[in-house]
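**Student:** Sequence first, then the predicted structure:
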2 protein chains.
Amino acid sequence: MPARAATLTDVAKEAGVSLATASRALNGSERVVRAELHARTLEAAARLGYTPNAQAQSMARGSTDLVGLLVNDISDPYFSTIAAGLANAAEQHGLLVMLCSTGGRPERELELLAALRRQRGRAIVLAGSRTNDRAHLRELAAQVEPFTESGGRVAAISEPRLPVDTVVVDNRRGAHDLAVELAALGYRRPAVLTGPERLLVSRDRRDGFTAGWRKSADGEPFFLAEEFTRDGGFRAMQRLLDEHPEVDCAFAINDLMALGAMAACRERGVDVPGDLAVAGFDDISTLRDVTPGLTTVRLPLTEMGGMALDLVLNEADGKPRRRKVRGEVVVRESTPRR
Amino acid sequence: MPARAATLTDVAKEAGVSLATASRALNGSERVVRAELHARTLEAAARLGYTPNAQAQSMARGSTDLVGLLVNDISDPYFSTIAAGLANAAEQHGLLVMLCSTGGRPERELELLAALRRQRGRAIVLAGSRTNDRAHLRELAAQVEPFTESGGRVAAISEPRLPVDTVVVDNRRGAHDLAVELAALGYRRPAVLTGPERLLVSRDRRDGFTAGWRKSADGEPFFLAEEFTRDGGFRAMQRLLDEHPEVDCAFAINDLMALGAMAACRERGVDVPGDLAVAGFDDISTLRDVTPGLTTVRLPLTEMGGMALDLVLNEADGKPRRRKVRGEVVVRESTPRR
DNA sequence: CTGAAAGCGCTAACAC
DNA sequence: GTGTTAGCGCTTTCAG
């Protein structure tokens, strides 16, 4: 029982064949090996508990079966759903996914991107960075460029400012459509619970909503910025109720914030939707059963993961491609007709 | 602009130093390199956009910075929370997490475990397999053994039948305590919505509940098995309402099933908790805001990820260790006093 | 302190 | 068909 894992050399020796033959029998492409030797090698491998060393293989072959995925926060259902979609698609291609979670910290994102580069994965998908910080974007690009330059493939999800293939979510449009819908339902005094100003998604959804609102009703939506989380939504709603009790509907720029907002209403004894209507964005599946049913903009998160992998696997010859994804307004009980 | 990534040799040449010096300057442990050469090397590396090849490094060094994590389904908040906890802990140690999602398919689990072995990660954490299938368990052990034998470390979460360090969730105890609590609250006719029989978690929670119930009240809980998902909970509740309208409380063996169960009640016009009380298990954070608040058994999911990493990183000399995790009953509005 | 050279485990020409 | 051998990119003795 060696403290060291069995190598192909061990197997070859054990089977009484050459290194090359063992390689061909175990990991080689075509079965150019005589049945008998083949069998002998397999047996030896089994006896020794041999597993190929992927590192050595990819060094020798010059390519990996790894694809890296960088997300903001894997415990956030938005990202874990995307990750599941990507993992699923990766399986179809016999690829392994290295998942990294940045926790929303830009420096960490850079570190992890570097780590992913080091792994020499076949491709990297970025689903984390959605900030507006120019300096950070530049550093990101500085990491991405040499990687793509040397044959690595990179795609982004929802980060349209990077010069790589991107799955672009039409956040403005989705929020716009939602605003139009809310106006049509009879609401007149809207508020938008947004995330931090530096986040593009947040701004796009807010601006899209505003645009849609202006088009279909009078008055301006009122804005309130907090963290991009359940707790942020909770606080934002508390402030809203304190400062602007006249509002009749609140659009939280994602479902998690909407969830927090509804919780705040409950705590204050504000009835949703009786006293105040609430809507979200994303259509997180776990949240489809909350009561009242949350009106939201559905994003095909699982598919987005697959699309990103698809982009990254199918070489483009030219400039960065964009695959647009549209959100679909789903009206539920949280925003009844007024 | 070479189609190939810059190598250390390229850097050494560019800097006019030897390979060894370049290695020491860039990735070496101690700074035994003269300041001038050091600087020259760094500059050359920057100029060339050099990134070390982790594969080559770990081959040469004989060790990786990777730890593998195998989960049932990354889009399930139970697992994504554990994953987040593990990733976080891994970051502290400068380790990268390779995340694999099996989708609950045993064959796939075996494949992925093999893939993880091939990557020669420093350690592997298994959070997927919780089945009772002897054959599968044996195959799993067959993969695990040669890995540990050759210095690899393996830990499991909630799979107490594998001969490795394990974070054991006391499912029986948690469910037991919940049953006692429900009985104390005045419920008299309980049902348990379970998952498939082959899943250990499901059986343990069911049996624990039964034990707790017998201890504190008369009569036997009624069982109903469906899938271990939101939809499974939905169907189970439909059947329950059809077949056993006399039941006054339903324990779904996880929060997701409970969520589905509550949705089914809503659809049928059954008031929760007025007509029927519902409880779950896990205390998924995203679900803490559902209405009525779901009574459940809280599990420290994030910490569990950290504990697993801890086990796997801190060598044990002896036999498999167990770290017990207890669930804590959290009573909310879905099970008021009767 | 620096350089030359021997591997790490495997694949892929290239011979036989 | 099968074996020999030269690398893949890097770290690490071992000499200078």
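**Tutor:** Now that the structure is in, tell me what you want to look at.
**Student:** For burial, what's the neighbour tally of A:Arg332?
**Tutor:** 18 (other Cβ atoms under 10 Å in any protein chain shown). The C-beta positions use only the backbone N, C-alpha and C, and glycine is treated the same way.
**Student:** Using just helix, strand and coil, how would you label the closest residue to it other than its chain neighbours?
**Tutor:** Nearest residue to A:Arg332 in three dimensions, chain neighbours excluded: A:Gly293, at 3.2 Å (Cβ to Cβ, 6 or more residues apart in numbering or on different chains). Three-state assignment for A:Gly293 (DSSP: H, G, I helix; E, B strand; the rest coil): coil.
**Student:** Same question for the one 4 residues further on.
**Tutor:** Of the three states, A:Val297 takes strand under three-state DSSP.
**Student:** so who does it touch?
**Tutor:** Contact analysis of A:Val297 by Cβ atoms under 8 Å, 6 or more residues apart in numbering or on different chains lists A:Gly174, A:Ala175, A:Asp177, A:Leu178, A:Gly280, A:Phe281, A:Asp282, A:Asp283, A:Gly327, A:Glu328, A:Val329, A:Val330.
**Student:** now those as TSV including secondary structure?
**Tutor:** As requested, these are arranged in TSV below (three-state DSSP):
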residue	secondary structure
A:Gly174	helix
A:Ala175	helix
A:Asp177	helix
A:Leu178	helix
A:Gly280	coil
A:Phe281	coil
A:Asp282	strand
A:Asp283	coil
A:Gly327	coil
A:Glu328	strand
A:Val329	strand
A:Val330	strand
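**Student:** Buried among those residues? Make that a PyMOL selection.
**Tutor:** Command for PyMOL that selects the buried part of the contacts of A:Val297, burial taken from 16 or more other Cβ atoms under 10 Å in any protein chain shown:
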select buried, chain A and resi 174+175+177+178+280+281+282+283+327+329+330
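**Student:** Would you mark the buried spots in the helix or strand where A:Gln57 lies?
**Tutor:** In this structure, A:Gln57 is located in helix A:54-61 according to DSSP states H and E. For helix A:54-61, the buried set under the neighbour-count rule, 16+ other Cβ under 10 Å, comprises A:Ala54, A:Gln55, A:Ala56, A:Gln57, A:Ser58, A:Met59.
**Student:** State the distance from the second one to B:Ser58.
**Tutor:** I take that to be A:Gln55. 6 Å (Cβ to Cβ, to the nearest Å).
**Student:** Can you pull the residues that touch both of those two?
**Tutor:** By Cβ under 8 Å, 6+ apart, the residues touching both A:Gln55 and B:Ser58 are B:Thr64, B:Arg120.
**Student:** Name the strands paired with whichever helix or strand comes after the helix holding A:Gln57 and say parallel or antiparallel.
**Tutor:** Under the assignment DSSP H and E, the closest C-terminal helix or strand after helix A:54-61 is strand A:66-71. Note on strand A:66-71: by DSSP bridges, its sheet partners are strand A:96-101 (parallel), strand A:123-127 (parallel).
**Student:** Contacts made by the helix or strand just after the shortest one with the rest, please.
**Tutor:** Heading C-terminal from strand A:123-127, the first helix or strand you meet, by DSSP H and E, is helix A:134-149. Here helix A:134-149 makes contact (Cβ under 8 Å, 6+ apart) with A:106, A:109-110, A:113-114, A:117, A:124, A:126, A:129, A:131, A:154, A:161-164, B:1, B:5-6, B:49, B:51.
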